[in-house]
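Asks: Below are the sequence and a predicted model; questions follow.
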Amino acid sequence: MSLLQTPQKNALQNLQHYGQSVWLDYIRRCSIEGGELQQLVDEEIQGVTSNPAIFQKAIAGSTDYDAALSALERDHDQDAITLYEQLAIADIQAAADILRPLYNRTNQQDGYVSLEVSPYLANDSEQSLIEAQRLWQAVNRPNLMIKVPATPAGIPVIQQLISQGINVNVTLLFSRAAYLEVAEAYLSGLEEYVSQGGSPGHVASVASFFISRIDSAVDGQVAERLKIAVQESDAEAVALLQGLLGKVAIANAKLVYQDYLRLCESERWQALKAQGAQPQRLLWASTGTKNPQYRDTLYVEELIGPETVNTIPPSTLAAFRDHGEPRPSLTEAVEQTEIVMSSLSQVGIVFEDITDQLLGQGVQLFQQAFDQLLSAVEHKREAQLGKALNRQTYTLPATLSAQVQATLQGWQDKGKVRQLWAMDSTLWTGADESQWLGWLGTTEDQLAHLNDLTQLAQEVKDLALTHVLLLGMGGSSLCPEVMKLTFGQAEGYPELLVLDSTDPAQVQAITQQIDLKRTLFIVSSKSGSTLEPNIFQQYFFDLVQKEMGAEVAGSRFIAVTDPGSKLQEVAHKNRFRHYFFGIPSIGGRYSALSNFGMVPAACLGIDVAHFLDSAEEMVHSCAASVPAIDNPGVVLGIILGKAAQQGRDKLTLIASPGIADIGAWLEQLLAESTGKEGCGIIPVDQEPLGPPLNYGADRIFAYIRLEAAPDPAQDKAVAALEAAGQPVIQIQVTDAYQLGQEFFRWEMATAVAGSVLGIHAFNQPDVEASKIATRQLTDAYEETGELLVETPLFQEGGLQLFTDVENAAALTGIAGTLSLCGFLKAHLKRLRANDYFALLAYIQMNKAHQQQLQGIRKAICDRKQVATCLGFGPRFLHSTGQAYKGGPNSGVFLQITCEDERDVPIPGHRYSFGVVKAAQARGDFQVLAKRKRRVLRVHLGTDVEVGLRTLRVAIQGALP
Ligand SMILES: O=P(O)(O)OC[C@H]1O[C@](O)(CO)[C@@H](O)[C@@H]1O
Ligand SMILES: O=C[C@H](O)[C@H](O)COP(=O)(O)O
């Protein structure tokens, strides 16, 4: 067709006669559905491009997509990026279908629509390639072009995609040097495609060369110099500089077009052309005028030439249609362009620096647009979910709030949420953290294996059991305990009991509570080598064997353990009914939503599918695609981490009575994960609530409120704390089935807080230390049959005090009178501001004991205004024990042991439960003392209740 042919109806349509295709740089659902796009394709345009900013404006800036979003969400909850992709893909497919006849008619030269790979992947070749291939398949239209940026990481991707026959729109091209690399990638890709037997005519590509952004950047630098030249009245410089304004982008484009023409002459290209290959056309992008002083059609009018494309935003399209003046401008005055470029260096502007910056900024701008887009989708998703998603709000003092906001911004800018989901160890200490992040995918994994759990629930029902007794410690017992206390016993299902103590009285109490013939035992241990579950198993297996016979005993036991563990062997040998596997990349305290929590949940008759589905909603809210600022787990983690760094490291947990036990689970998660290397978060659970003046500047509060059954007294106390300016995080749990959301939210938050604190959030080095000390004592006992006799520091009223030499010296130095009260007073005097006091009670965990110990806590908190903690031994060893030994040295500890009224032997061992407990207490004490902790042990007689009462009175007397 001749270039001089009579123009058609309008300037836009006329561009085709100069060999240029017009594509529309815009997409929006209403223009597709309303027929506007169809009309444009029929009359004026030959293709469509999109980018993250365009989709951001379309989806975030309109209500066009709301109904579709609601329908998708209603159907099945999904994370923000999956939702966005479905909307975007539907638009791209619809546009592709509208363009398809044109694509066919032009013999695949035009009629394309472009979809960009995630801008987050701009520097990641491997992932960009995977994503581009995935999008290509998902859109499944031959007239699709995948947009890949011309970053150093993007260029090899371009070549690979072309070699696979995938059409590519190369975006973010600013420099001629980059263009030449892109052209080379296209040629090599095509050659490879041909060598594999592909027909090159079926692959298309455009190189999107950005225009207006160059003028914006160059003009800015020119303007600065111009100001100086004017001030200095340097007329020559003023003229030179003025001549550059609004000229460089076009000059650069004209030069790159010359490069293109030269390439077309090359033998290499000619050989491909002969086989039917299509040229990689230059596409002028960023052609909307940004400077209002320039003609609104500037970047269309000046770049008209054969075998090119101009992708034009709607306003520029309208302007050009109205008053554009087409002419074959692209090859006009080419020699002038060289002058423009050399003038640029003459005035000291380094053009390569500008193009480099523009590429970096371009990636960043698209990432920011994508952030905003995903944030908008997430808000719409949350609105749709309503109460199905537990809400989180917070009030923080100004300085903490400012630090939290700044850290969130940092996480956003550095893409740290994506880094976390990519399991990048450098987010923590760069050690083996990447191997401990399996919990990120547990819900999905569990949901895929629901059958086993449903079957187990049915079996438990059919067996007509009275009890299921779970034997385990820490991460293997705390979630089941939360489930039991939250859900209670369901109709037709047995009661769940949990044993996580070696206290002989506790072991006996539970033995008496169950009917051995009608109880199913779950031995739960990830490692399969933890002392307590192993001896529990030996003890109960022996009892059941005696009661029901060796043959039947195994059928009453289930193991939950990691594959290949010693427990698996035991289960196999003893012909356990089942064994369920854990996932080795999930540490115990992060295992709630895996089999460790879900097997007992199924035995309780809980609808596990519903529970996990609900948890999955929180997983989606915390997804990699949800910007840090909107990501509830990340927000919570950053608050906790920054608060701890500011000295607010006592996380005081308040939970509604119906879900109160979640605090015990949280204690382990937070303390074992963060309490190490002298820093960390000290969880304070079940502390009797007091007035705001009881709490210092070392506190932060988390109120986990069950909306279905809140406690008005807690509401009031929390409101008072907020009014007093304490930092308070409030989480509204709609109903018990939404507790799984909290498991995930807090796991995420803990991992994030660990990153903020710069520690390894998945190991527990100091727990190991007391395990070793305990093992030495139990091993010695196996040999000698006795534990070393210890000499008390002091005794009075049936209570004995023990401590190590250093603590004894410190205490006798402070104690005025050598009495029980005097020593306790001396010990409590060691509490400084912002310290915490912890009771470590190696006694039976029952209501009466709890009441006494809570009374002691309350008295100390009221009078000393310090945080107080309570742990029952040995269970706390697998929980807060890590932070007490490895965290900040701000704890004052009172260990409580007792004389066991009746000990319980363990089959196959010389040591008994009583000996194990004593060894555990001593081992713990030794490590605390070794770590220079302020620690004192009080040993009660056989009547623990009486002993506790005496102790309480003595402590009350010791308080000021
Ligand atoms: O499930 P396991 O391997 O028996 O471990 C129980 C608990 O012991 C610890 O490994 C250490 O206390 C915890 O992290 C864990 O939850
Ligand atoms: O492919 C199109 C580009 O993404 C678009 O033209 C960029 O234009 P802008 O510079 O106006 O954002």
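Replies: Now that the structure is in, tell me what you want to look at. Ligands and ions are numbered 1, 2, ... in the order given.
Asks: how about L739, what does it touch?
Replies: By CB atoms under 8 Å, 6 or more residues apart in numbering, the contact set of L739 is 482, 486, 611, 659, 662, 733. (Each C-beta comes from the backbone N, C-alpha and C, glycine too.)
Asks: Export those residues as a markdown table, with columns for pLDDT.
Replies: Output for these, formatted as a markdown table (pLDDT from 0 to 100):
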| residue | pLDDT |
| --- | --- |
| V482 | 98 |
| T486 | 97 |
| F611 | 98 |
| I659 | 98 |
| I662 | 98 |
| V733 | 98 |
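Asks: From those residues, pick the one nearest A274.
Replies: Set against A274, the nearest of the contacts of L739 by CB to CB is F611 (64.4 Å).
Asks: Return the residues in contact with the closest one.
Replies: 598, 601, 737, 739-740.
Asks: for G587, same thing?
Replies: Applying CB under 8 Å, 6+ apart, the residues near G587 are 436, 439, 475, 526, 762.
Asks: Which residues outside stretch 431-450 are in contact with it?
Replies: Outside stretch 431-450, the residues that reach it (CB under 8 Å, 6+ apart) are 420-421, 423-425, 427, 453, 583-587, 590-591, 593-595, 598, 608-609, 612-613, 615-616, 619, 740, 744, 747, 751, 760-763.
Asks: Helices - which of those land there?
Replies: Within the contacts of stretch 431-450, residues falling in helices by DSSP state H are 420-421, 453, 595, 598, 608-609, 612-613, 615-616, 619, 740, 744, 747, 751.
Asks: hmm, which two among those residues are most spread apart?
Replies: L420 and L453 (28.2 Å).
Asks: For those two, indicate the residue with more neighbours.
Replies: L420 (26 against 21; other CB atoms under 10 Å).
Asks: isn't that one right next to S755, touching?
Replies: Yes. Because the distance of 7.4 Å satisfies CB atoms under 8 Å, L420 is recorded as touching S755.
Asks: overlap in contacts of those two?
Replies: L427.
Asks: out of the contacts of stretch 431-450, which touch ligand 2?
Replies: Counting by CB under 6 Å from any ligand atom, nothing from the contacts of stretch 431-450 sits close to ligand 2.
Asks: Please list only the buried members of those.
Replies: Using 16 or more other CB atoms under 10 Å as the burial test, the contacts of stretch 431-450 include 420-421, 425, 427, 453, 583, 585-587, 590-591, 593-595, 598, 608, 612-613, 615-616, 619, 740, 744, 747, 751, 760-763 as buried.
Asks: what about the lengthiest helix in the chain, near ligand 2?
Replies: Counting residues, the longest helix found in the chain (DSSP H) is helix 351-385. No. Helix 351-385 lies apart from ligand 2 when judged by CB under 6 Å from any ligand atom; the minimum separation is 7.4 Å.
Asks: Quick one: name whatever helix or strand follows that helix.
Replies: strand 391-395 (DSSP states H and E).
Asks: Just give me how far that following strand sits from the chain centre.
Replies: Centroid separation for strand 391-395 versus its chain: 18 Å, with CA atoms, centre = their mean, to the nearest Å.
Asks: what angle do that strand and helix 351-385 make?
Replies: Angle of strand 391-395 versus helix 351-385, following axes from the mean of the first three to the mean of the last three CA atoms, to 10 degrees, is 110 degrees.
Asks: Grab the CA positions of strand 391-395 and hand them over as PDB.
Replies: This file holds the C-alpha atoms of strand 391-395, laid out as PDB (Å, rounded to 0.1, in the frame of the first residue of the first chain):
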ATOM      1  CA  ARG A 391     -10.100  -8.800  62.500                       C
ATOM      2  CA  GLN A 392      -7.000  -7.200  64.000                       C
ATOM      3  CA  THR A 393      -6.700  -3.600  65.200                       C
ATOM      4  CA  TYR A 394      -4.100  -1.900  67.400                       C
ATOM      5  CA  THR A 395      -3.400   1.200  69.300                       C
END
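Asks: Could you pull out the buried residues of the helix or strand following that strand?
Replies: Beyond strand 391-395 on the C-terminal side, the first helix or strand identified by DSSP H and E is helix 398-413. Neighbour counts over helix 398-413 (16+ other CB under 10 Å) mark 400, 403-404, 407-408, 411-412 as buried.
Asks: Okay, angle between helix 398-413 and strand 391-395 too, please.
Replies: Using the same axes, to 10 degrees: helix 398-413 against strand 391-395 is 130 degrees.
Asks: what is the mean pLDDT for helix 398-413?
Replies: Taken as a whole, helix 398-413 has a mean pLDDT of 97.
Asks: That helix packs against which elements?
Replies: helix 632-645 (3 or more CB pairs under 8 Å, 6 or more residues apart in numbering; DSSP states H and E).
Asks: name the helices or strands packed onto the helix it packs on?
Replies: Using 3+ CB pairs under 8 Å, 6+ apart: helix 632-645 touches strand 391-395, helix 398-413, helix 608-621, strand 699-706, helix 739-757.
Asks: rerun that using 7 Å as the cut-off
Replies: With contacts defined as 3 or more CB pairs under 7 Å, 6 or more residues apart in numbering; DSSP states H and E, helix 632-645 has these neighbours: strand 391-395, helix 398-413, helix 739-757.
Asks: how close does whichever residue of the stretch 201-350 of the chain sits closest to ligand 2 sit to ligand 1?
Replies: For the stretch 201-350 of the chain and ligand 2, the shortest gap (CB to the nearest ligand atom) falls at S286, measuring 3.1 Å. S286 sits 54 Å away from ligand 1, going by CB to the nearest ligand atom, to the nearest Å.
Asks: That residue touches R213, doesn't it?
Replies: Yes. Applying CB atoms under 7 Å as the test, S286 and R213 come out as touching, 5.0 Å apart.
Asks: rewinding a little: emit the ChimeraX select command for whichever of the contacts of L739 are buried.
Replies: To isolate the buried members of the contacts of L739 in ChimeraX, using 16+ other CB under 10 Å:
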select :482,486,611,659,662,733
